[in-house]
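Enquirer: Let's see this in three dimensions:
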Amino acid sequence: MIFVALHILVVGLAAAHILLRPHRQPESRAAWLLLVMALPYAGALAYLFLGQTNVGRRRVERLRAAFHGLPHPQEAAGWPAAPPVADASEALFAVGRSISAYVPVGGNSARLMENSDVAIDAMVADIDAATDHVHLLFYIWLADRNGTKVAEAVQRAARRGVACRVLVDDLGSRDLVRGPLWRDMAAAGVEARRALVIGNPLLRALTGRIDLRNHRKIAVIDNRITYCGSQNCADAAFLPKARFAPWVDVLMRFEGPVVRQNQHLFASDWMGNGGGDIGDLLRRPLEAAEPGFTAQVVATGPTFRNSAMPEMFETLIYAAKRSLFITTPYYVPDAAMQAALCACANRGVDTTIVFPARNDDFAVAAASRSYYPDLLRAGVKILEYEAGLLHAKTLTMDGQITLIGSANMDRRSFDLNYENNILVESADLTASLRARQESYLAQSRRILPEEVEAWTVWRRIWNNILVIFGPVL
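Expert: The predicted model follows:
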């Protein structure tokens, strides 16, 4: 009798919390309820640790206070007047502004890096030329060749009096923070901090989810240069998962007022994770803006508006009129995003998505492929890149709009990770990125409807089982 009462109590409390928790998609509630009903105690325990998008009440307060308490970039003297944007782009930038309050700003320029090594070399050169400050934030920073090159450049900058601040995710960069390179940076005078420190995993799990991570990749140098894209501070060989290498990333080097928005984002992360107040950097007057394109930082995460990243993606997809080209390594969409992509192709837009052929996450790979039949029926062109793990997170639309950054098209980026992206209106930059996207086609295999139709029953069952638990995973 006691066991029955305990069983009812555990299942009832877990089910009630699942049903009452705000901002839950119906499929997410259904997946968690199924898990709790099938495995009552293990399911309830899993929901306790993994069912809530919560980094801890105190952390939420610190992170929100830092973001909203800092002077906003557009308050700085010399901030340019609102740039003219095409009528079709106004709604896109409006959505971006509603998410993180950054306004579209003109006068920007950018250069697409040729590959990972070129990007690291450019970053090292910029750090070596820095005269005031160097700010770096990475989800993963490895002590490999490229990671060491950047760390040594930061040490050189610190020794010559440049203020150097390094922030890494405590989980993604756990090997770095335990190793000698981390200590070497601190000894050289680099201020080095960890984002979302885990500490004791058991105690940490009681106050917030361990797997809510800072997935951003940001470099800001002298309030003048910023980098944005998918690349972590590591070699393309990516030794922790070398069998999937090379990691193929896309990184852009930006100059112009949009740099100040990335500076604000870095400062909010820095201060929200215990760093000192660096708000004065945001009050410095801007240099006179040069002619250039319009851009806007779009920042998302558990302390921002719920479902902000999928809303940004879906707005772009529905806005496409002629062409839409996407690369993403992880595709586990919500129902609205899948419907948006199908609608895009159904209305005649040339719609292409490139995924990696071999994914480092088997569950995500299987879940992604469960969506192939509907996408193909709608006319979406699906390709799988075979020359490594295509890790680039890029979107180009109608020859005019680009979105680049750290966000994947999966539920982790939608609900759990802190992400940073830059939205750009520029025919030239979009053409440059579109050419890079199309270069992947030569090393990719087109997935045809006949191939998917020939999948075995067991493969279909496996894919569809994993996609059911996508909201849980």
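Enquirer: So what sits opposite the residue nearest to Ser173 when sequence neighbours are not counted in the bridge?
Expert: Nearest residue to Ser173, sequence neighbours excluded (Cβ to Cβ, 6 or more residues apart in numbering): Trp141, at 4.5 Å. For every residue, glycine as well, the C-beta is placed using N, CA and C. According to DSSP bridges, the partner residues bridging Trp141 are Cys233.
Enquirer: Quick check: Trp141 touching Pro240?
Expert: No: Trp141 lies out of contact with Pro240 (Cβ atoms under 8 Å); the separation is 11.9 Å.
Enquirer: Compare these two (neighbour count), which wins?
Expert: Trp141 (27 against 11; other Cβ atoms under 10 Å).
Enquirer: low pLDDT regions in the stretch 201-350 of the chain?
Expert: For the stretch 201-350 of the chain, the stretches flagged by pLDDT under 70 are 202-209.
Enquirer: Helices along that one, start to end?
Expert: 201-207, 258-272, 280-283, 308-319, 335-346 (DSSP state H, counting those that start in this stretch).
Enquirer: Pick the most deeply packed of those helices.
Expert: When you average the neighbours per residue for each of the helices of the stretch 201-350 of the chain (mean count of other Cβ atoms under 10 Å), helix 258-272 leads with a mean of 25.
Enquirer: What's the separation between Asp269 and His135?
Expert: Applying Cβ to Cβ, to the nearest Å, the value for Asp269 to His135 is 10 Å.
Enquirer: thinking again about what came up before, okay, the helices of the stretch 201-350 of the chain in a markdown table with distance to Glu75 next?
Expert: Converted to a markdown table, those look like this (distance: least, Cβ to Cβ, whole Å):
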| stretch | distance to Glu75 |
| --- | --- |
| helix 201-207 | 34 |
| helix 258-272 | 10 |
| helix 280-283 | 8 |
| helix 308-319 | 23 |
| helix 335-346 | 34 |
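Enquirer: For Leu383, find the nearest of those helices.
Expert: helix 335-346 (14.1 Å; Cβ to Cβ).
Enquirer: buried ones in the next helix or strand along the chain from that closest one?
Expert: Using DSSP states H and E, the next helix or strand after helix 335-346 towards the C-terminus is strand 350-356. Buried residues in strand 350-356, defined by neighbour count with 16 or more other Cβ atoms under 10 Å: Thr351, Thr352, Ile353, Val354, Phe355, Pro356.
Enquirer: and the residue nearest to Ser173, what does it touch?
Expert: Gly147, Val150, Ala151, Val168, Gly172, Ser173, Leu176, Asn232, Cys233, Ala234 (Cβ atoms under 8 Å, 6 or more residues apart in numbering).
Enquirer: Overlap in contacts, Asp269 and His135.
Expert: By Cβ under 8 Å, 6+ apart, the residues touching both Asp269 and His135 are Leu167, Ile218.
Enquirer: I'd say Pro71 and Leu282 touch.
Expert: Yes: contact criterion Cβ under 8 Å: Pro71 and Leu282 qualify, at 4.8 Å.
Enquirer: so where do the helices sit in the stretch 351-473 of the chain?
Expert: 362-369, 372-378, 411, 427-439, 449-453, 457-468.
Enquirer: Can you tell me which of those is most buried?
Expert: The most buried one of the helices of the stretch 351-473 of the chain (mean count of other Cβ under 10 Å) is helix 411, showing a mean of 24.
Enquirer: my read: Ala143 touches Leu176, true?
Expert: Yes: assessed by Cβ under 8 Å, Ala143 is found in contact with Leu176 at 5.6 Å.
Enquirer: List the contacts of Ile404.
Expert: Cys228, Gly229, Ser230, Val250, Met252, Lys393, Thr394, Leu395, Asn421, Ile422, Val424, Leu433.
Enquirer: In strands only, show me those.
Expert: Cys228, Gly229, Met252, Thr394, Leu395, Asn421, Ile422, Val424 (DSSP state E).
Enquirer: Report the spatially nearest residue to Leu239, omitting neighbours in sequence.
Expert: Asp144 (6.0 Å).
Enquirer: Wait, the one you found touches Asp235, no?
Expert: Yes: look at Asp144 against Asp235 with Cβ under 8 Å: they come within range, at 4.6 Å.
Enquirer: Settle it for me: which of the two has more neighbours?
Expert: Asp235 (21 against 18).
Enquirer: Tell me how far that one lies from Gln443.
Expert: 19 Å.
Enquirer: what two of the contacts of Ile404 are the furthest from one another?
Expert: Farthest apart among the contacts of Ile404 by Cβ to Cβ are Ser230 and Val424. That separation is 15.3 Å.
Enquirer: Run through the stretch 51-200 of the chain and note the low-pLDDT ranges.
Expert: For the stretch 51-200 of the chain (pLDDT under 70), the answer is 51-56.
Enquirer: Same check on the stretch 351-473 of the chain?
Expert: Ranges of the stretch 351-473 of the chain meeting pLDDT under 70: 469-473.
Enquirer: Helices along the stretch 51-200 of the chain, start to end?
Expert: 57-69, 87-100, 116-129, 145-159, 174-177, 180-187.
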